[in-house]
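**Q** using only what follows, build the 3D model:
(chains A and B)
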Amino acid sequence: MAGTKDDKSPTTEGLTGDPDVFEALIRLHQHMIHSLCYRMTGSMADAEDLAQETFIQASQHFGEFRREAQAGSWLYRIAVNHCLNWHKRQRRLRQLHQDWAQQESGSFDDNALLAQQVQDALMKLDAKQRAAIVLTTYDGLTHAEAARTLGCSETTISWRLFVARGKLKRLLKHLQNTGGAA
Amino acid sequence: MKNSELDQILKSAPVPDRPGAYWAQFPQRVMAKTNWLRTRADAGADHPRTEPFLLRSRFRFATVGLGLAISGLLLVFVLGSRQGRQLSITEPQLAAARKYFQEIETLFPRQVQAIIFDQQGSNLVLAERSNVPSASPIYLRICGSKDCQSYVTFSGQQIRFNGETCEVLLDQHGNVLLVGQQWVLSTAQAPVNHARYQVAARPLEMTL
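**A** The predicted structure is shown next:
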């Protein structure tokens, strides 16, 4: 979950201008941010760009970071917002990517094929629904934490999850009873 | 399908892994970009360049600002560019370029393909991997009808100026050749005057 590993992380020091500490902050959270961005975009390259933008924006907004907050959660919120904004810009490109991925999926091994099918299903969700799934299912946030991260109510999160789960169950129905194996 | 079954399926799809070198270099790239942005902001250049050749992000491109010291170095180049019609490469310019190059090379060993200096600031063109052949760096200045650019690059690398691509070559006598699509310039008798460009170049290491 975002922000749970950084109890001893170089939070406020890094955000007040020490480059070494901020670099340590990047090292601490880079996997989490990359994973989030990949889940939200379905693209390794876009995830890299968004992760980089996330940390750059973080470095530029030292003053907005509340010292009592955890740096991981703060970075996580920045990344989520970046991903949602990215989605608005990249909707059409993503459709092209999906089409290509479907064409290419025949060359994947079983595990890769399963991963691609799941990611394709995630990408068919509305971006905010996908964010709700990523935050709660993959990153383990509670509904309340996800609501704070996305800036909406818990009820909204619950509704988005309900709708998203319904769609995913339909899209991934063929994987049922396989234990997750394609 | 139950929610638990759906969760199991979702979690069975891992995020594709990346090589260890990626994770080792990613923070450095972010810090380099951050420093560069800060330097640009300090210099008041708040309009990022959009030239595609220079702004291939991801692995191919990174730009490093080195704080106020570099701002001072940039000032040297800007002033030099404004005097570029004379195309004299001064010792301070060479010294500044050499210092800049050495610092960049330390950060990105054998990845530097070119460093470009112009009125907007500095830009790096980096190879994706550390496979740029070891060679003596060349300091090159080109002036067109409107502006000038300075480069630190190597023999065999390509540079762009005024939308034209040309290859930089160093002959056995230390003269620099610029090979464009329809023209060749040599600095055997520098500075070289051309119908469109003025060019001056010197091997950077020779000034050490």
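
**Q** for the rest of this, base every contact and every neighbour count on C-alpha atoms.
**A** Noted.

**Q** which regions of chain A sit below the pLDDT cut-off?
**A** Of all residues in chain A, those with pLDDT under 70 make up the ranges A:1-18, A:62-69, A:87-110, A:177-182.

**Q** what's near enough to touch residue A:117?
**A** By C-alpha atoms under 8 Å, 6 or more residues apart in numbering or on different chains, the contact set of residue A:117 is residue A:172.

**Q** after the strand or helix carrying it, which helix or strand is next?
**A** Per DSSP states H and E: residue A:117 is located in helix A:110-123. Next in sequence after helix A:110-123, counting helices and strands by DSSP H and E, comes helix A:127-133.

**Q** which strands and helices lie in contact with that following helix?
**A** If you count contacts as 3 or more C-alpha pairs under 8 Å, 6 or more residues apart in numbering or on different chains; DSSP states H and E, helix A:127-133 packs onto helix A:19-41, helix A:71-104, helix A:154-171.

**Q** tabulate the CA atom coordinates of the shortest one in CSV.
**A** Just to be clear, that refers to helix A:154-171. Output of helix A:154-171 as CSV, limited to C-alpha atoms (Å, rounded to 0.1, in the frame of the first residue of the first chain):
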residue,chain,number,x,y,z
GLU,A,154,-16.3,6.5,0.0
THR,A,155,-19.7,6.0,-1.6
THR,A,156,-18.3,7.0,-4.9
ILE,A,157,-15.5,4.6,-4.5
SER,A,158,-17.9,1.8,-3.6
TRP,A,159,-20.0,2.5,-6.6
ARG,A,160,-17.0,2.6,-9.0
LEU,A,161,-15.8,-0.6,-7.6
PHE,A,162,-19.2,-2.2,-8.0
VAL,A,163,-19.4,-1.2,-11.6
ALA,A,164,-15.8,-2.0,-12.4
ARG,A,165,-16.0,-5.5,-10.8
GLY,A,166,-19.1,-6.2,-12.9
LYS,A,167,-17.3,-5.3,-16.1
LEU,A,168,-14.2,-7.2,-15.2
LYS,A,169,-16.2,-10.3,-14.3
ARG,A,170,-17.8,-10.2,-17.7
LEU,A,171,-14.5,-9.5,-19.5
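
**Q** and the angle for that helix with helix A:110-123?
**A** Calculated by axes from the mean of the first three to the mean of the last three C-alpha atoms, to 10 degrees, helix A:154-171 forms an angle of 130 degrees with helix A:110-123.

**Q** list the contacts for the residue nearest to residue B:126 when sequence neighbours are not counted?
**A** In this structure, residue B:126 finds its nearest non-sequential neighbour in residue B:112, 4.7 Å apart by C-alpha to C-alpha, 6 or more residues apart in numbering or on different chains. With contact taken as C-alpha under 8 Å, 6+ apart, residue B:112 is in contact with B:104, B:105, B:124, B:125, B:126, B:127, B:132, B:153.

**Q** is the fourth one bridged to anything, and to what?
**A** Residue B:125 forms beta bridges with residue B:114, as assigned by DSSP bridges.

**Q** how about the residues of chain A by chain B?
**A** Along chain A, the residues adjacent to chain B under the rule C-alpha under 8 Å from any C-alpha of the partner chain are A:19, A:23, A:26-27, A:30, A:35, A:38-39, A:44-45, A:48-49, A:52, A:55-56, A:59, A:111, A:114-116, A:118-119, A:137-138, A:165, A:168-169, A:173, A:175-176, A:179-181.

**Q** buried residues, stretch A:117-137. List them.
**A** The neighbour-count check on stretch A:117-137 (16 or more other C-alpha atoms under 10 Å in any protein chain shown) flags A:117-125, A:127-137 as buried.
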